[in-house]
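A.B. asks: Quick check, what structure comes out for this input:
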Amino acid sequence: MPRRAASAYRNVLYLSSFAALFNSPSRFPLIFATEACISSLRKPNGLSHGIFECLIVEASSQPQNHLCVLADRYTELQAEGFLQLPEVRNLGGRGPRRVDVSVACSEPAPIAYAASQCEPLELVLVEGRADGRRWREQMQRYHYLGCRVPFGANLRYWVRHEKRELACLLWTSPAWKMQARDTWIGWNDEQRRNNLQLTVNNGRFLILPWVQVKGLASKILGLSARQMPSDWEMRHGRRPLLLETLVDGARFRGTCYRAANWIHIGQTSGRGRMDRTHTAHGQAIKDIYVYPLARDARQRLCGSKIEGFSYAG
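C.D. replies: Predicted coordinates:
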């Protein structure tokens with residue numbers, strides 16, 4: 001590590017120790033320092049790339065939830081041409097395996113209540129290997145898109161009532177670009193790059209097939225909008241301002257999202273959510289729904305860079 005770069009890196013971390021004085025979580029010093037370096041790298045006379053490389057090396061020792069945030073930021077910088085990340089390595093199939101659902105399983109007795117009889121609902125984070133495998137199995141078996149490894153930061157949930165599982169949810173990092181969403185927000189490219197990670201995508205929503213409760217889906221979405229932002233901030237260091245989701249109009253009408261006051265703002269172009277090079281085509285065109293978590297969400301997303309670690313609502 002170059003001496004000058006190491007010294008500057010230590011200075012950044014030292015300055016970040018004062019973050020608590022400004023309502024920023026000093027418990028995320030590396031992420032805080034990375035954000036400072038990213039801001040400086042975008043300036044003509046900013047920090048050298050050597051300092052940022054020190055951060056990348058240091059990131060390898062960070063907890064997984066910190067790495068999700070850092071990975072998103074590094075990928076954005078590569079897209080802007082500030083650095084070149086190494087090729088993705090083939091690690092021999094590490095990570096979650098696809099769950100085998102070829103063997104039939106018995107389903108629980110049907111749940112056919114009024115929505116009021118399913119209260120109170122619990123939104124419970126998926127924790128541990130056994131819990132994660134069971135969640136993936138339900139998603140792979142019963143969701144029409146199956147269960148894939150999510151992009152970037154994510155949270156997985158069970159929805160329960162009196163210890164009975166009713167539904168599964170997945171929240172992930174947002175789509176890189178969507179014209180209808182970006183037009184609705186009104187941000188430019190720089191503002192989008194700076195504040196994109198304050199948007200969270202509802203990547204999967206599955207009501208288990210034996211649950212037949214009218215109006216349950218919109219109640220779950222309402223509960224998610226109240227609880228998930230705090231969980232996301234605790235796990236990933238950023239409090240969201242906007243929720244988004246994509247609905248396949250050929251299969252669903254988006255009724256539960258409309259009932260939960262989500263806003264239909266247009267459709268995708270059919271290139272896929274992570275197509276940054278405009279070369280992917282043939283994906284299903286989907287309806288885009290958004291849910292602002294603050295009255296001034298659009299104005300804040302269009303403002304200058306929002307520190308991802310503010311604890312303000």
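A.B. asks: helices and strands around the helix or strand containing R235, which ones?
C.D. replies: Per DSSP states H and E, R235 falls inside helix 216-236. Using 3 or more C-beta pairs under 8 Å, 6 or more residues apart in numbering; DSSP states H and E as the contact test, the elements touching helix 216-236 are helix 64-80, strand 122-125, strand 154-161, strand 164-172, strand 199-207, helix 255-259. Every residue, glycine included, has its C-beta placed from N, CA and C.
A.B. asks: Spit out the contact partners of V211.
C.D. replies: P110, I111, L166, A167 (C-beta atoms under 8 Å, 6 or more residues apart in numbering).
A.B. asks: Could you chop this protein up by domain?
C.D. replies: Split into domains by automatic domain parsing, the chain comes to 3-80, 115-301.
A.B. asks: Can you turn the buried part of the contacts of V211 into a PyMOL selection?
C.D. replies: Applied in PyMOL, the following selects the buried portion of the contacts of V211 according to 16 or more other C-beta atoms under 10 Å:
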select buried, resi 111+166+167
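A.B. asks: Hmm, Q212 and A109 touching each other?
C.D. replies: No. Using C-beta atoms under 8 Å, A109 is not in contact with Q212, being 11.2 Å away.
A.B. asks: more crowded one of the two?
C.D. replies: Neighbours were counted for A109 and for Q212 using other C-beta atoms under 10 Å; Q212 has more, 12 against 7.
A.B. asks: Can you tell me how far the residue lying closest to the more buried one once chain neighbours are set aside is from A297?
C.D. replies: Excluding its sequence neighbours, the residue lying closest to Q212 (C-beta to C-beta, 6 or more residues apart in numbering) is A112, at 4.6 Å. Using C-beta to C-beta, to the nearest Å, we find A112 at a distance of 37 Å from A297.
A.B. asks: ok, and for stretch 185-203, which residues are buried?
C.D. replies: Those would be 185, 187, 191-203, for stretch 185-203 by 16+ other C-beta under 10 Å.
A.B. asks: Please apply the same query to stretch 202-216.
C.D. replies: Buried-residue list, stretch 202-216, by 16+ other C-beta under 10 Å: N202, G203, R204, F205, L206, I207, L208, V211, V213, L216.
A.B. asks: what's the nearest residue to the third one if we skip its chain neighbours?
C.D. replies: When you say that, I think you mean R204. Nearest one to R204, counting by C-beta to C-beta, 6+ apart, is L170 at 3.8 Å.
A.B. asks: again, but for the first one
C.D. replies: The spatial neighbour of N202 that comes closest, neighbours along the chain excluded (C-beta to C-beta, 6+ apart), is T245 at 3.9 Å.
A.B. asks: sec struct for the one you found, please.
C.D. replies: strand (DSSP: H, G, I helix; E, B strand; the rest coil).
A.B. asks: beta partners of T172?
C.D. replies: For T172, the beta-bridge partners under DSSP bridges are N154, N201.
A.B. asks: before we move on, back to that, what's around the residue nearest to N202, how many residues?
C.D. replies: 21.
A.B. asks: From P240, how far off is the closest residue to W187 other than its chain neighbours?
C.D. replies: The shortest distance from W187 to any non-neighbouring residue, by C-beta to C-beta, 6+ apart, is to C302 (4.7 Å). Remark: distance between C302 and P240 (C-beta to C-beta) = 16 Å.
A.B. asks: what's the answer for G249, then?
C.D. replies: 25 Å.
A.B. asks: quick one: which of the two has more around it?
C.D. replies: Each of G249 and P240 has its neighbours counted (other C-beta under 10 Å); P240 has more, 26 against 14.
A.B. asks: Look up phi and psi at that one.
C.D. replies: Main-chain dihedrals, P240, degrees, to the nearest 10: phi -70, psi 150.
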